[in-house]
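Colleague: coords please:
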Amino acid sequence: MIAVAMSDAPATTAADLPEGRRRLWRGERWTQLVVSALILAAAWINIRPLGLTGLAGLTTLLLVLNTAGVLLRHPTVVRIPDRWQSGLLTAWTVVAVALLAVSSASIAPAFAYLVAGSAGYRLPARISVPLASGSSIASALAVLLLDHAGVVSGWPWYLGFTVGLPVFLGIANRSRDRAVESALAAAAADRRAARAEAREAALAERARISRDIHDVLAHTLSGVGMQLELADLLLEQGDVERARAAVGTAHSLVREGTTEAGRAVRALRSDALPLRETLAALFDGTSDLTVTGSAREPATEVAQTVVRIAQEALTNARRHAPGGLVRARLVLGDGAVQLWVENGPGGAGSGAGSGMGLVGMRERAGLLGGRVDAGPLTVGPLSGGWSVHAELPG
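Modeller: Okay, the predicted model is just below:
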């Protein structure tokens with residue numbers, strides 16, 4: 001009944017609340033206004049004497065001031081600056097106690113109860129509790145002294161000690177509304193965090209798509225470019241048959257790239273990627289592929305990353321060591337998936353690349369908690385070539 005907008009915290013508004021709580025919030029505000037209106041109506045009807053002089057004039061003045069105090073309780077009626085609240089509530093306490101002392105009407109104590117509750121809600125407990133205690137003591141002494149002097153009679157003096165009790169109800173309502181506002185602030189923080197996570201996820205997805213585009217297109221276009229350069233060189237030398245063969249190879253690479261692009265799109269849309277079949281198709285006719293280990297299928301993200309790393313490693317081998325032997329080995333362990341792509345020395349390649357392929361491979365593996373190592377081979381049958389080793393948790 002005594003809850004009002006808090007002065008030292010952000011005001012709770014209906015728009016901030018869930019629908020059920022919103023209806024309750026509005027109902028509480030309307031209930032407060034109705035109760036306040038009923039108290040004021042009963043006070044103006046029952047408190048007597050009213051007039052312009054003497055005790056009647058004093059009673060009228062006190063009733064007007066208490067009416068103003070009741071209206072100031074409602075921020076929808078009057079909004080009080082925060083710095084004024086302590087002083088206004090203290091002044092209202094004085095006039096409420098005075099009205100209780102000079103009037104014997106049964107409604108007179110209501111103002112003292114209201115101001116104590118409002119002080120408990122609006123002011124910190126270190127201020128509201130002493131104020132309510134002082135109001136109780138002052139009410140009891142005023143009633144006792146005026147009754148003893150024969151000015152006003154009708155109230156037992158110990159009634160004054162009860163007028164400060166609503167301060168604890170005000171403090172309880174204040175704590176409740178603080179908890180609601182804290183919950184709303186936490187919900188707003190959660191929404192902001194969710195938006196930030198969604199943005200991060202979108203950026204990560206964009207980075208992943210860019211890597212997919214690079215892996216698929218670079219694999220195809222670099223091969224097509226090399227074959228067309230070879231065909232141009234062969235035509236200059238007059239070797240038409242070998243030039244046609246190079247153009248045919250370029251056509252095959254274009255078809256392969258189209259197939260890979262379709263496979264990449266399907267992989268993005270599907271929940272599963274057949275790793276063994278995809279790698280077999282990728283290395284078919286150009287490289288040796290060995291698959292060992294468990295027969296289980298790794299997670300979709302791991303399978304996609306393995307395929308993309310294999311594509312990039314194969315593209316690099318074709319670009320930098322064309323015609324060289326390429327060997328790939330996939331090991332499906334119980335807790336990890338490992339891929340080796342090794343190539344021997346070949347013909348003159350296209351020179352140093354941009355390095356984005358190796359960066360992309362390491363980024364992909366890092367996102368899944370894995371790693372990619374790459375470097376030259378110095379021993380074995382492929383000595384003088386290059387090795388790419390990827391290890392992913394799986």
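
Colleague: mind listing the helices for the stretch 51-200 of the chain?
Modeller: Counting by DSSP state H, counting those that start in this stretch, the stretch 51-200 of the chain has helices at residues 54-72, 82-102, 109-122, 125-148, 166-236.

Colleague: Show me what the longest one is packed up against.
Modeller: Think helix 166-236. Packed against helix 166-236 by the contact rule (3 or more CB pairs under 8 Å, 6 or more residues apart in numbering; DSSP states H and E) you find helix 109-122, helix 125-148, helix 240-269, helix 300-320, helix 356-367. (Each C-beta comes from the backbone N, C-alpha and C, glycine too.)

Colleague: for the first one, same thing?
Modeller: In this structure, helix 54-72 makes packing contacts with helix 19-46, helix 82-102, helix 109-122, judged by 3+ CB pairs under 8 Å, 6+ apart.

Colleague: Same check on the third one?
Modeller: In terms of contact count using 3+ CB pairs under 8 Å, 6+ apart, helix 109-122 is assigned the packing partners helix 19-46, helix 54-72, helix 82-102, helix 125-148, helix 166-236.

Colleague: Those: which one's closest to Leu275?
Modeller: helix 166-236 (15.3 Å; CB to CB).

Colleague: Can you tell me which of the helices and strands packed on helix 54-72 is packed in deepest?
Modeller: Ranked by mean neighbour count, those are led by helix 109-122 with a mean of 27 (mean count of other CB atoms under 10 Å).

Colleague: That one versus helix 125-148: what angle between them?
Modeller: Angle between the axes of helix 109-122 and helix 125-148 is 170 degrees (criterion: axes from the mean of the first three to the mean of the last three CA atoms, to 10 degrees).

Colleague: From the chain's centroid, how far away is helix 109-122?
Modeller: Taking CA atoms, centre = their mean, to the nearest Å, one finds helix 109-122 lying 40 Å from the centre of the chain it belongs to.

Colleague: Same question for stretch 282-300.
Modeller: The answer for stretch 282-300 is 41 Å, by CA atoms, centre = their mean.

Colleague: Just the terminal-to-terminal distance for that stretch.
Modeller: 18 Å (CA to CA, to the nearest Å).

Colleague: What lies in contact with it?
Modeller: With contacts defined as CB atoms under 8 Å, 6 or more residues apart in numbering, stretch 282-300 is touched by 260, 267, 270-276, 279-280, 303, 306-307, 310-311, 314, 318, 325-334, 337, 392, 394.

Colleague: So, low pLDDT: which residues of the stretch 151-300 of the chain?
Modeller: Residue ranges of the stretch 151-300 of the chain with pLDDT under 70: 151-155, 205, 208, 211-216, 218-219, 260, 262-273, 285-287.

Colleague: please redo it, this time with the cut-off set to 50
Modeller: 271 (pLDDT under 50).

Colleague: Next, format the helices of the stretch 51-200 of the chain as TSV and append distance to Glu363.
Modeller: TSV is the format used below for those (distance: least, CB to CB, whole Å):
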stretch	distance to Glu363
helix 54-72	63
helix 82-102	53
helix 109-122	56
helix 125-148	56
helix 166-236	7
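
Colleague: Return the most buried member of the ones you listed.
Modeller: Each of the helices of the stretch 51-200 of the chain was assessed for mean neighbour count using mean count of other CB under 10 Å. The highest is helix 109-122, with a mean of 27.

Colleague: Could you check the angle that one makes with helix 82-102?
Modeller: Using the same axes, to 10 degrees: helix 109-122 against helix 82-102 is 160 degrees.

Colleague: tilt between helix 109-122 and helix 166-236?
Modeller: Going by the same axes, to 10 degrees, helix 109-122 makes 30 degrees with helix 166-236.

Colleague: Alpha carbons of helix 109-122, as PDB, please.
Modeller: Taking C-alpha atoms only, helix 109-122 is exported to PDB below (Å, rounded to 0.1, in the frame of the first residue of the first chain):
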ATOM      1  CA  PRO A 109      -3.800   8.600  12.800                       C
ATOM      2  CA  ALA A 110      -3.800   7.400   9.100                       C
ATOM      3  CA  PHE A 111      -1.600  10.200   8.000                       C
ATOM      4  CA  ALA A 112       1.100   9.400  10.600                       C
ATOM      5  CA  TYR A 113       1.000   5.800   9.500                       C
ATOM      6  CA  LEU A 114       1.300   6.800   5.800                       C
ATOM      7  CA  VAL A 115       4.300   9.100   6.400                       C
ATOM      8  CA  ALA A 116       6.100   6.400   8.300                       C
ATOM      9  CA  GLY A 117       5.600   3.900   5.500                       C
ATOM     10  CA  SER A 118       6.600   6.400   2.900                       C
ATOM     11  CA  ALA A 119       9.800   7.200   4.800                       C
ATOM     12  CA  GLY A 120      10.700   3.500   5.000                       C
ATOM     13  CA  TYR A 121      10.300   3.200   1.300                       C
ATOM     14  CA  ARG A 122      11.900   6.400   0.100                       C
END
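
Colleague: ok, now which ones touch Arg327?
Modeller: Taking CB under 8 Å, 6+ apart, we find Arg327 in contact with Ser287, Asp288, Thr290, Trp340, Val341, Glu342, Asn343, Leu382.

Colleague: Report how many residues lie close to the fifth one.
Modeller: Burial of Val341 is recorded as 26 neighbouring residues (other CB atoms under 10 Å).
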